[in-house]
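Predicted model follows, preceded by the sequence.
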Amino acid sequence: ARLANQIAAGEVVERPASVVKELVENSIDAGATRIHIDIERGGHKLIRIRDDGKGIIKDELTLALSRHATSKLKSLDDLECIASLGFRGEALASISSVSRLTLSSKPAEQETAWQAFAEGRDMAVQVQPTAHPDGTTIEVKDLFFNTPARRKFLRTEKTEFSHIDELVKRIALSRFDVAITLTHNQKVIRQYRASSKEQGVKRVAQVAGKVFEQQATYIESGAEGLMLYAWVLPVGCSSSAQYTYVNGRMMRDKLILHAIRQAFEEVIGEQDVPGFVVYLEIDPRQVDVNVHPAKHEVRFHQARLVHDFIVQAIKQTVTSQTD
Ligand code: ADP
Ligand code: MG
């Protein structure tokens, strides 16, 4: 089991930011409205995620740390229509196989909080009572302490933290309604307050820059089961913040980026594309999200249709901005 977990760890756990990604996605899946992310030494030393989500009952703590134990896939149908962010059931197992992991949790309906501890080498998980408010805290210490080859690939504290910071921004733009705090070496670096979708531009401005609140055009466009909403900066804006989402997942999908670039090009020619935050909503059955293990890319069943829809929507906006 240990070897299998460490192999899986190679896929999931590339660097501290990938640990943060998996843990924060779990918190979001658990319905958290507040997430605290504490990092020490770029995540080499400590990654701690606290949430106010539904928690894990005592009897399932050990299970949560074992491989392919997911509570999120109930049937094959789910595979085609994945609603939750995580679904492979291997993140916690993989992370704990290359770190010292403490999982503390208290579901609202349970009197006491319990804590499970797992340390890389032996997967024997110990469970004991602890003090914890409703929700879950996961502490990952000494990442890659038992895999020197991987540890060697870690960059400086500053670089690893900047990857985490960027990741947290992308997540913050995927869920305006979740409050997120990020600290590094006990200093608050980001504090994103929850906001409604209507007030979304506030979150966008907090994450991607004030210029979005001052100058971006907001668009909403729908056709043929597709829905796009976006904030687009006018040409010439210095911001290079570019974020794209599909059904709430952050993506760097070639097709989407290509469509956006083409829209700009058709209106303004070959100039630099300014910043944008673009959300595409599509019937989940029209898209495969599993083509890339890190899930940054998707495959659209009707690629041409999606591409042209995005071009049209963005083009209209750019045209109106340049009028
Ligand atoms: P997956 O997310 O793919 O199901 P993980 O290894 O990431 O697999 O997590 C295993 C299980 O642990 C989840 O299915 C979930 O039941 C539970 N879990 C993990 N993190 C949390 C959390 N923050 N709050 C509640 N439950 C959690
Ligand atoms: Mg998960």
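Everything's here; your move. Ligands and ions are numbered 1, 2, ... in the order given.

I'd assumed Ser240 was in contact with Gly209.
No. Applying C-beta atoms under 8 Å, one finds Gly209 not in contact with Ser240, separated by 9.5 Å. Glycine gets a C-beta too; all of them are placed from N, C-alpha and C.

So between these two, which is more surrounded?
Gly209 (19 against 12; other C-beta atoms under 10 Å).

Quickly note the distance from that one to His296.
Separation of Gly209 from His296 (C-beta to C-beta, to the nearest Å) stands at 22 Å.

Tell me how many other residues crowd Glu160.
Around Glu160 there are 20 other residues, counting by other C-beta under 10 Å.

how about the helix or strand that contains it: buried residues?
Applying DSSP states H and E as the criterion places Glu160 in helix 157-172. For helix 157-172, a neighbour-count test (16 or more other C-beta atoms under 10 Å) marks 157, 160-161, 163-165, 167-172 as buried.

again with stretch 208-228
By neighbour count on 16+ other C-beta under 10 Å, the buried set for stretch 208-228 is 208-209, 211-212, 215-216, 219, 221, 226, 228.

Ok, stretch 224-244 next?
226, 228-235, 237, 239, 241-244.

In contact with the nearest residue to Glu160 once chain neighbours are set aside: list those residues for me.
Nearest residue to Glu160, sequence neighbours excluded (C-beta to C-beta, 6 or more residues apart in numbering): Gly42, at 3.5 Å. Counting by C-beta atoms under 8 Å, 6 or more residues apart in numbering, Gly42 touches 16, 154-161, 164, 184.

So which elements touch the host helix or strand of Ser27?
Ser27 belongs to helix 16-29 when elements are defined using DSSP H and E. When contacts are defined as 3 or more C-beta pairs under 8 Å, 6 or more residues apart in numbering; DSSP states H and E, helix 16-29 packs onto strand 34-40, strand 46-51, helix 91-97, strand 135-141, helix 157-172.

Output the ones you listed as TSV; include the columns distance to Pro129 and mean pLDDT.
Converted to TSV, the helices and strands packed on helix 16-29 look like this (distance: least, C-beta to C-beta, whole Å; pLDDT from 0 to 100):
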stretch	distance to Pro129	mean pLDDT
strand 34-40	22	98
strand 46-51	18	98
helix 91-97	20	89
strand 135-141	14	98
helix 157-172	31	96
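
Could you give the number of residues near the closest residue to Ile310 other than its chain neighbours?
Leaving aside its sequence neighbours, Ile310 sits nearest to Ala259 (C-beta to C-beta, 6+ apart; 3.8 Å). When neighbours are counted by other C-beta under 10 Å, Ala259 registers 23.
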